[in-house]
Structure formats: C-alpha cells, structure tokens
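A.B. asks: Predicted coordinates and the sequence they were generated for:
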Amino acid sequence: MIKLLGFSFYLDHTLDQDDKNYIESMKQHHFNEIFTSLHIPEENQALYTKRLQDLLKVAKKNDLKVFVDIDQNSLANLPNELDGFYLRLDDGFSNQDIAEMSQTNPLALNASTLTKDDIKELQKYQADFKNIEAWHNFYPRPETGLDFQWFLKKNQWFKSLGITTQAFIPGDEKLRGPINAGLPTLEDQRNNDRLASAIQLTQANVDKVFIGDPRLSLTYQEEFADYFNNNVLDLTLKANDNIPQDLLNQILHNRPDPAAKVVRVLESRQMNQRNQTLIAPNNNIPRNIGSITIDNQAYGRYMGEVQLTKTDLPLDKKVNVIGHLDTNSIQLLPYITANSAFKLIPKE
C-alpha cells in the first residue's frame, strides 16, 4: 500500500518557524520528499540561494529528499559548493546533457513532453535509466490540467520502460497564487477530495504523489498517513445522527465478498447481537449515496447490519437511515473493496 508521498515548498519567502513546523509535521505523517522551484533572477541570486540553503538544512534535519525544478540559467547561477538536492530539469536541456548528468545523479524529467525519440537519444548517449524519473507538471489555470486517459496511457508507457512516475494533486489549506485554483496534474482532480485523488493516481501507475500547493491541512495529513501506512480509510460523517457510538472511531471492515451497491460492515451484526438490542423501524427514507443504514427487526436475521450506500437506493421500510458521509468522503467509497478497513469519524 505504501507509495512515496511528497509535498511542495516554494522559495517566495524566507523560511520561518511556522514553515519548519509544517515540514516536520509532513515528515511525521510519512511525506518523504520535497519539491521546490528555483528560477533565479540575476539581481536576486544571493537571496534565492540563501533560501534554498535554509530549506536544505531543514530537509536534512528531517531526512527529506529535495527535488529542485530548475532551468539552465538558474543551474549555472548556483554556487558549485551547494549540494544535497536532486534536479527536476525544466525544458531546454539537451538529451546528451541529460544522459551525462544521469550517470552521476538522480534526475527528474518532464513526463508530459518525453517522447520515444527522446528515449532513443538518451539510450544512444548511455543515460542511466535507474537515475531517471518522469515527473508530470501541475497546471495552475483551471481547464488546462491533463486528460485522464492520455495521462494513463503515458504512465503505462513509462512503466513498460521501468521508469518511476510522479504527479501532483492540489493542497487544501493554502493554495498557491496568483490564481489560487489548486495545482493538480489532472484537471478532473482540481476540486476533488485530496485523498481520493491520491488513490486514483496510485491506481494509474503513479509511483510518487506530491502535494502541489504550499499547504496540506493536518486533517488530510492524518488521512494520508492512515491510508498509505495503515491501510485504513478515514470517512468523515456529515452528521452523527443515530449512529451507535461503538461504530465511531473504530476500525471496521467491508465483507470479503463485496456487494455491488453497498459496503456491508462486517462487525455490525455481531455488535448488535452482543447488545441484544431490538431495532424498531425508524427514519425509513430514500438511501442517497453515502447514507449509513442499519437493518431493523423487519429484516429478521439481518437485523443490526450496518451498510454504507455506494449509489442512490430507494426507501426500504426494513432499513433505517442513521447517518450520512460528508461530500468528500463519498468520493472514497469506490476504493473500499473486499476486506477494506475504514473508520467512521465524527465531524468536528
């Protein structure tokens, strides 16, 4: 389940204590690489170099790898003694230059513009493909992010070559200006749940998922850590309603034989049997997608079974609606498969 997670930090300001706290928090939640961009104006060369040095110092303290997006001019302007980072090469480098650099250092190239001819040239110049990764761009302007099917085919090609792939999803706590519309690779993910977006990327042959924007909230940091390290999906409730307390903040599981239209909570009927509770019909309303339901006494031996609806279902007098997932968590339902673990988290 563990995929490599990364985040972005930009050199548009002097690194302060709040930044250090954020970087440490991301590391604690298993984000292991940093992306930054360094296009140095000649008149500000010393300033940007100092900011990069400060970032590298904090990254080293937290055992974080740093990839720097850079063009030829900025690379030439960097002091020779500055090291401890890897390059994400912007357009403008020749394939011969790339091949020579790959023989001594890991490199990230622009995934969207790499072609079969480029690969042939890199092979000709004896590039070390173990040191080459393919990184997609992010797209600040709405409507310009990549098409999913094209993206998928491109990644399948990289996989056939044994090349590591990377892509971006937006942050949520602080978006990067001046457009402030998120920094996704895929246009369809611009306004989606961040964890759902990350999972979709991992299922589309992406090895590294990075947050494109400057900040990811602590709530999402915890959700990412739970999923990518503990294999547990955190589902947030829209309202607690009549959900039994013993279902909240507990690790629950989908059945090993997954149903098409609902998630069947494996532990629920056993819980009800232990409590020996008779469940009367109540709140028998249409079961919209994301509804949390419990079968009442009219369902006989199924009484006490809790389900999460994966699609809109009609009213059933044998089924009580006891709660609903929030809009973002509904986007996580497709990723609950056989034996999947998840938690129902009350909304704060």
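C.D. replies: Cool, the structure landed.
A.B. asks: I'd like to know how many residues surround the closest residue to Asn288 other than its chain neighbours.
C.D. replies: Once flanking residues are discounted, Asn288 sits nearest to Asp312: 5.4 Å by CB to CB, 6 or more residues apart in numbering. (C-beta placed from N, C-alpha, C; glycine too.) Around Asp312 sit 12 other residues, with neighbours defined as other CB atoms under 10 Å.
A.B. asks: if I pick Asp312, what's in contact with it?
C.D. replies: Listed by CB atoms under 8 Å, 6 or more residues apart in numbering, the contact set of Asp312 reads 286-289.
A.B. asks: ok, and the most crowded of these?
C.D. replies: Arg287 (24 neighbours).
A.B. asks: Show the contacting residues for it.
C.D. replies: Contact partners of Arg287, counting by CB under 8 Å, 6+ apart, are 293, 309, 312-316, 319, 321.
A.B. asks: Make a markdown table out of those residues and add secondary structure and distance to Asp19.
C.D. replies: Formatted as a markdown table, those follow (DSSP: H, G, I helix; E, B strand; the rest coil; distance: CB to CB, whole Å):
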| residue | secondary structure | distance to Asp19 |
| --- | --- | --- |
| Thr293 | strand | 45 |
| Thr309 | strand | 42 |
| Asp312 | coil | 44 |
| Leu313 | strand | 47 |
| Pro314 | coil | 52 |
| Leu315 | coil | 52 |
| Asp316 | coil | 52 |
| Val319 | strand | 50 |
| Val321 | strand | 45 |
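A.B. asks: List only buried entries from those residues.
C.D. replies: Neighbour-count burial (16 or more other CB atoms under 10 Å) applied to the contacts of Arg287 gives 293, 309, 313, 316, 319, 321.
A.B. asks: now these in JSON lines, with pLDDT and distance to Gly145?
C.D. replies: Shown next, in JSON lines, are these (pLDDT from 0 to 100; distance: CB to CB, whole Å):
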{"residue": "Thr293", "pLDDT": "96", "distance to Gly145": "36"}
{"residue": "Thr309", "pLDDT": "98", "distance to Gly145": "30"}
{"residue": "Leu313", "pLDDT": "98", "distance to Gly145": "33"}
{"residue": "Asp316", "pLDDT": "98", "distance to Gly145": "40"}
{"residue": "Val319", "pLDDT": "98", "distance to Gly145": "40"}
{"residue": "Val321", "pLDDT": "96", "distance to Gly145": "36"}
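A.B. asks: Quick one: low-confidence residue ranges for the protein.
C.D. replies: For the chain, the stretches flagged by pLDDT under 70 are 1-2, 40-43, 240, 272-275.
A.B. asks: now with 90?
C.D. replies: Counting by pLDDT under 90, the chain contains low-confidence residues at 1-3, 38-49, 71-84, 90-92, 239-246, 268-278, 347-348.
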